[in-house]
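Colleague: I need the structure of the sequence given here:
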Amino acid sequence: MEQNKTGKYFKYAIGEIILVVIGILIALQVNNWNIERIERTSEIKYLNNIKLDLQKDLASLTYQIDFRREKYDRVEKLIAQINGQPVQDIDELAKNVFFTLMEERFTPNRSTYNELASSGNLNLISNDSIKKLLLELEELYKYNNFGIDHEMYEYREYISKPLFKYANTDRLIPVYDGEKTAREQDISLESFQGLFQSPEYKNGLVISNLISKEFIPIYENIQSKSEKIIELIDEDIE
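Modeller: From the prediction side, this is the model:
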């Protein structure tokens, strides 16, 4: 009888231990589920914010690409005219000269990515394809910033300075805005002779177009990667 009681108590004790272990495992699993749910909620919030940032960038990129293409065409015509191509339209010439003063800088919306990176939460993004594309975008952004800084220096040294020296920008503005004609502003071909004879201005235009030509495919690449990330985010959230 004593042996039977001992066997029953032993079985009961083992059963209790198993129940406790199962209870602990269930509690751990529930806790893991809660952590995963919280992390997933946070991840979705970040993904939606990244998507919003990229959508803003896409609108800006469309403008930047159009601007660069227009600038390239205008500057190419100016270079050809400096090299001897006859000027047929003084109004167009005045507008193109003033346009060379225009500077544009693509500044991506990086607030969400910066928050993820600085807080160490980049690993919350579980989709490796999204993470990889975000890192590739960061490299393109760095290249963009370097190129813009270089371009701004070239503008000020080789375009803005000779233009301010040899052209009357006050007269050019109403023509550029379409408010007056070159004739009404007393602007003729002779008004640009000093500028056209400036080697700094011509070299500045050549460099400007090399940079613009290089920026267009970079912006198209950023555009393509941004669209792909948005597509992947939509698939991931669904």
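
Colleague: switch to C-alpha atoms for all contacts and neighbour counts from now on
Modeller: Will do.

Colleague: report the longest helix in the protein, please.
Modeller: helix 2-82 (DSSP state H).

Colleague: Any idea how many residues pack against the closest residue to Tyr158 other than its chain neighbours?
Modeller: Computed as C-alpha to C-alpha, 6 or more residues apart in numbering, the closest residue to Tyr158 that is not its neighbour in sequence is Gly204, at 4.6 Å. The local packing of Gly204 (other C-alpha atoms under 10 Å) involves 22 other residues.

Colleague: I'd like the distance between Cys228 and Ser126.
Modeller: Quick fix: residue 228 reads Lys, not Cys. 16 Å (C-alpha to C-alpha, to the nearest Å).

Colleague: who has more neighbours, these two?
Modeller: Between Lys228 and Ser126, Lys228 has the larger neighbour count (other C-alpha under 10 Å), namely 15 against 12.

Colleague: Okay, now the unreliable bits of this structure?
Modeller: 1-8, 10-11, 30-36 (pLDDT under 70).

Colleague: Try it again at 50.
Modeller: Applying pLDDT under 50 to the chain flags residues 1.

Colleague: Show me the residue sitting in the middle of this structure in space.
Modeller: Pro108 (3.6 Å; C-alpha atoms, centre = their mean).

Colleague: I'd say it and Asp57 touch.
Modeller: Yes - contact between Pro108 and Asp57 holds when scored by C-alpha atoms under 8 Å: they sit 5.8 Å apart.

Colleague: still on that earlier bit, let me know the helix or strand that the residue nearest to the centre of the chain is in.
Modeller: Applying DSSP states H and E as the criterion places Pro108 outside every helix and strand.

Colleague: Contact partners for it?
Modeller: Contacts for Pro108 were tallied using C-alpha atoms under 8 Å, 6 or more residues apart in numbering; they are 53, 57, 141.

Colleague: again, only this time at 10 Å
Modeller: 53-54, 56-58, 60-61, 137-138, 141, 144, 222 (C-alpha atoms under 10 Å, 6 or more residues apart in numbering).

Colleague: The residue nearest to Tyr158 reaches Tyr155, doesn't it?
Modeller: Yes - in this structure Gly204 lies within contact range of Tyr155 using C-alpha atoms under 10 Å: 6.8 Å.

Colleague: Quickly list what's touching both of the two.
Modeller: Going by C-alpha under 10 Å, 6+ apart, residues that sit against Gly204 and also against Tyr155 are Thr100.

Colleague: With distance to Thr169 added, can I get the contacts of Pro108 in CSV?
Modeller: Formatted as CSV, these follow (distance: C-alpha to C-alpha, whole Å):
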residue, distance to Thr169
Asp53, 37
Leu54, 37
Lys56, 33
Asp57, 32
Leu58, 33
Ser60, 28
Leu61, 29
Leu137, 38
Glu138, 38
Tyr141, 33
Asn144, 29
Ile222, 35
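
Colleague: Now a ChimeraX select for only the buried ones of the residues you listed.
Modeller: Remark: buried members of these, expressed as a ChimeraX selection using 16 or more other C-alpha atoms under 10 Å:
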select :53,54,57,58,60,61,137,141,144,222
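
Colleague: of all the contacts of Pro108, which comes closest to Ser212?
Modeller: Nearest to Ser212 among those, counting by C-alpha to C-alpha, is Asn144 at 11.4 Å.

Colleague: My guess is the closest one contacts Asn221. True?
Modeller: No - Asn144 lies out of contact with Asn221 (C-alpha under 10 Å); the separation is 11.5 Å.

Colleague: Any chance you could list residues touching both of the two?
Modeller: Phe215.

Colleague: going on from the helix or strand hosting Asn96, what's the next piece of helix or strand?
Modeller: According to DSSP H and E, Asn96 maps onto helix 90-99. Note on helix 90-99: by DSSP H and E, the next helix or strand toward the C-terminus is helix 111-119.
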